[in-house]
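Undergrad: Sequence and predicted model, in that order:
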Amino acid sequence: MTAVRVCSLTDLKDDEPAGFQVDNVPVVLVRQGSQVYALADVCSHAEIALSEGEVTRKGLECWLHGSCFDLRTGEPSSPPASEPVDTYAVTIDGDDVYVDPSRPTNR
């Protein structure tokens, strides 16, 4: 599979998670300036949508139990989660944001 256009860069607000279905894979995008991160949109602890959480200094925080996940690696930075979530490569072409959910970058 190749990268799929998900949205426009202007559709993403800084530090505000946005959930998408990309080829039937739930993905959350987080923009920080010109950088966009893509993670699996499912908490590894309780299968809750991470796109409903918030970005903190520790990463993307799950709203249910407070686990935080590093935006770059998907590694949990706080309990109760102990397993990482998948991360995906993001390509920005002009104003278009592309993600390839078939190849997690942290496995």
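TA: Received the coordinates, thanks. Numbers count the residues shown, from 1 in each chain.

Undergrad: how close does residue 99 sit to residue 10?
TA: To residue 10, residue 99 is 17 Å away according to Cβ to Cβ, to the nearest Å. Bear in mind the C-beta positions are built from the backbone N, C-alpha and C, glycine included.

Undergrad: Counting neighbours, go ahead and name the busier of the two.
TA: Neighbours were counted for residue 99 and for residue 10 using other Cβ atoms under 10 Å; residue 99 has more, 22 against 9.

Undergrad: I'd say that one and residue 38 touch.
TA: Yes: with contacts counted by Cβ atoms under 8 Å, residue 99 reaches residue 38, the gap being 4.7 Å.

Undergrad: any low-confidence regions in the chain?
TA: Along the chain, segments meeting pLDDT under 70 span 1.

Undergrad: mind listing what the most centrally placed residue in it touches?
TA: Nearest to the geometric centre of the chain sits residue 39, at 2.7 Å (Cα atoms, centre = their mean). If you count contacts by Cβ atoms under 8 Å, 6 or more residues apart in numbering, residue 39 has them with 27-28, 30, 50, 60, 69, 71, 74, 85-88.

Undergrad: one more time with 7 Å
TA: 28, 50, 60, 69, 71, 74, 85-87 (Cβ atoms under 7 Å, 6 or more residues apart in numbering).
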